[in-house]
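[1] no sequence for this one, just the structure:
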RNA sequence: GCUGGAAUCGUCUAGUGGCAAUGACAAGAGACUGUAAAUCUCUCGCCUUCGGGCUUCGUAGGUUCGAGUCCUACUUCCAGCA
């Protein structure tokens, strides 16, 4: 209670804007610390980043942590008692919670978030879904306990205010790429209605608590320009502290979709691009007005043996006994400690849980640092007026050898 | 030397006479983007125009329409007795 009372409104400062218009560098002041933008928010769904301790996160320059209201729903009252997410998790830095809206899709229609044109799109059949959406909210089955539960905008706000992150997200419905235009219209209207209800409930609780927490509105609208611009206008007039850019994207359209949204939204408010972090997505997001991004890919892919390097991604399994560092140019603790590809591969393949866990930690730290560093370099290069050259160099090196480097 | 038992894909393993033969691990390829994910998918005897063809279950014979499965001998290994 006492600690929470220090919460203040966000203040977002823009230091410099790209000539192209939407991209900018700046900083978001939160009650805990300042987030220099653009920034990557490390995903710690349940208040911890899998296998990575908080000291290591600070050491690699992590700016903020994103946790999930859905996963923390039952712990929320306890988190409140302990003084909020930053304290509870031991992270003690800027935090954001997602509303649980993502689970509408992942437990429901269940399709990957970003899909390239050639990938087949298929929809989960209605009866196999674990989540069902109505205007009230989402009825879902807990995949582990089988328990029937319900979360709507009001429930999500209650959970998130208990968790007490610096930034909360309005409850939204993320559609899948398999959903057609008509369904996206429906989901967009619902998301707008939920945005209003989220805001109302958030403000009620905030007023009763007597201190300020911050809420971002979340935009949906699928891949259609008319929907994206419309919903951006609608949410843009509402009293949100910032905006979450949501949706499942065709990679080829990502930039356009973000541009449609951000041309309509108030320029001076911070924007968070939900759930993306591959290098190309980072550049597209930044240029089109995203100030922060979050993603599970760096840590998940690390655990699965996919390692990021300046020359592209590699499959660690192809590097048995290899004496090279993961990435010669990397300044992460794993590389600086001299761990070689071969040693890390051996840990990963080890029959002991301790060694596997060590691998997960070392590789997660590497991929996270790799990702965070791109954001740092974007900031530096924008200041030096060398952003375009930096981007071109980075992307051509990263993607040119994609195939061959993965094959070794 | 005698008496039991055992020999199947890199390893371990399943296998009532109709089997190219089970499962696991290893290996190879791919996926993963607001974490149902320390996960998932595919390949894993050889060849293939993807219909199929060929060669396999220690070795050599035999019984049978048909043998990894039954019989005989041999080889190797394990256990017990000498």
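    Sure thing, it's come through. A quick note: this is a predicted structure, and the numbers were derived from the prediction, not measured.

[2] gap between residue A:29 and residue A:203?
    Counting by C-beta to C-beta, to the nearest Å, the gap between residue A:29 and residue A:203 amounts to 21 Å. Just so you know, the C-beta spots here come from the backbone N, C-alpha and C atoms, and that holds for glycine as well.

[3] how about residue A:18?
    34 Å.

[4] likewise residue A:386?
    From residue A:386 to residue A:203 the distance is 43 Å (C-beta to C-beta).

[5] for residue A:356, give me its contacts.
    With contact taken as C-beta atoms under 8 Å, 6 or more residues apart in numbering, residue A:356 is in contact with A:347-348, A:350.

[6] may I see the buried residues of stretch A:205-219?
    Neighbour-count burial for stretch A:205-219 flags A:205-206, A:209, A:213-219 (criterion: 16 or more other C-beta atoms under 10 Å).

[7] for stretch A:329-342, same thing?
    A:330, A:332-335, A:339-341.

[8] residues touching the one helix or strand residue A:149 maps to, excluding its own?
    In this structure, residue A:149 sits in strand A:148-151 according to DSSP states H and E. Strand A:148-151 is contacted by residues A:70, A:73, A:100, A:136-142, A:159, A:171 when judged by C-beta under 8 Å, 6+ apart.

[9] direction included, what does that strand pair up with?
    Strand A:148-151 sits in its sheet next to strand A:138-141 (antiparallel), going by DSSP bridges.

[10] flag every buried residue along the strand it pairs with.
    Result for strand A:138-141 [16+ other C-beta under 10 Å]: buried residues A:138, A:140.

[11] tell me how far the closest residue in space to residue A:374 that isn't next to it in sequence lies from residue A:391.
    Closest residue to residue A:374 apart from its sequence neighbours, by C-beta to C-beta, 6 or more residues apart in numbering: residue A:282 at 5.5 Å. Taking C-beta to C-beta as the measure, residue A:282 and residue A:391 are separated by 10 Å.

[12] again with residue A:63
    Distance from residue A:63 to residue A:391, counting by C-beta to C-beta: 20 Å.

[13] try residue A:331
    20 Å.

[14] before we move on, back to that, avg pLDDT for the strand holding residue A:149?
    When pLDDT is averaged over strand A:148-151, the result is 92.

[15] what's next to the helix or strand following it, contact-wise?
    Next helix or strand after strand A:148-151 toward the C-terminus (DSSP H and E): helix A:153-163. Helix A:153-163 is contacted from outside by A:67, A:69, A:72-73, A:76-77, A:79-80, A:84-85, A:97, A:99-101, A:137, A:151, A:168-171, A:194-195, A:197-198, A:201-202, A:205-206, A:209, A:213, A:215, using C-beta under 8 Å, 6+ apart.

[16] before we move on, the earlier item: weed out the non-buried ones from the contacts of residue A:356.
    Looks like these have A:347-348 buried, using 16+ other C-beta under 10 Å.

[17] which ones among the contacts of residue A:356 map onto strands?
    Among those, no member falls in strands (DSSP state E).

[18] any chance of a markdown table for the contacts of residue A:356, columns distance to residue A:234 and pLDDT?
    Formatted as a markdown table, those follow (distance: C-beta to C-beta, whole Å; pLDDT from 0 to 100):
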| residue | distance to residue A:234 | pLDDT |
| --- | --- | --- |
| A:347 | 51 | 95 |
| A:348 | 48 | 96 |
| A:350 | 53 | 91 |
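
[19] that older thread, overlap of the contact sets of residue A:282 and residue A:391?
    By C-beta under 8 Å, 6+ apart, the residues touching both residue A:282 and residue A:391 are residue A:378.

[20] more neighbours: these two, which one.
    residue A:282 (23 against 20; other C-beta atoms under 10 Å).

[21] doesn't residue A:14 make contact with residue A:26?
    Yes: between residue A:26 and residue A:14 there is a contact under C-beta atoms under 8 Å: 4.2 Å.

[22] neighbour count winner among the two?
    residue A:26 (19 against 14).

[23] picking up where we left off before, the contacts of strand A:148-151: which ones sit near RNA strand B?
    residue A:70 (C-beta under 7 Å from any atom of the strand).

[24] save the contacts of strand A:148-151 as CSV, and put in pLDDT too.
    Converted to CSV, those look like this (pLDDT from 0 to 100):
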residue, pLDDT
A:70, 94
A:73, 94
A:100, 89
A:136, 94
A:137, 93
A:138, 91
A:139, 90
A:140, 89
A:141, 87
A:142, 86
A:159, 96
A:171, 96
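
[25] tell me the one among the contacts of strand A:148-151 nearest to RNA strand B.
    Closest approach between the contacts of strand A:148-151 and RNA strand B, by C-beta to the nearest atom of the strand: residue A:70, at 6.4 Å.

[26] and the residue lying closest to the closest one once chain neighbours are set aside, how many residues sit next to it?
    Of all residues beyond its chain neighbours, the one nearest residue A:70 is residue A:100 (3.3 Å), with distances taken as C-beta to C-beta, 6+ apart. Residue neighbour count, defined by other C-beta under 10 Å, stands at 26 for residue A:100.
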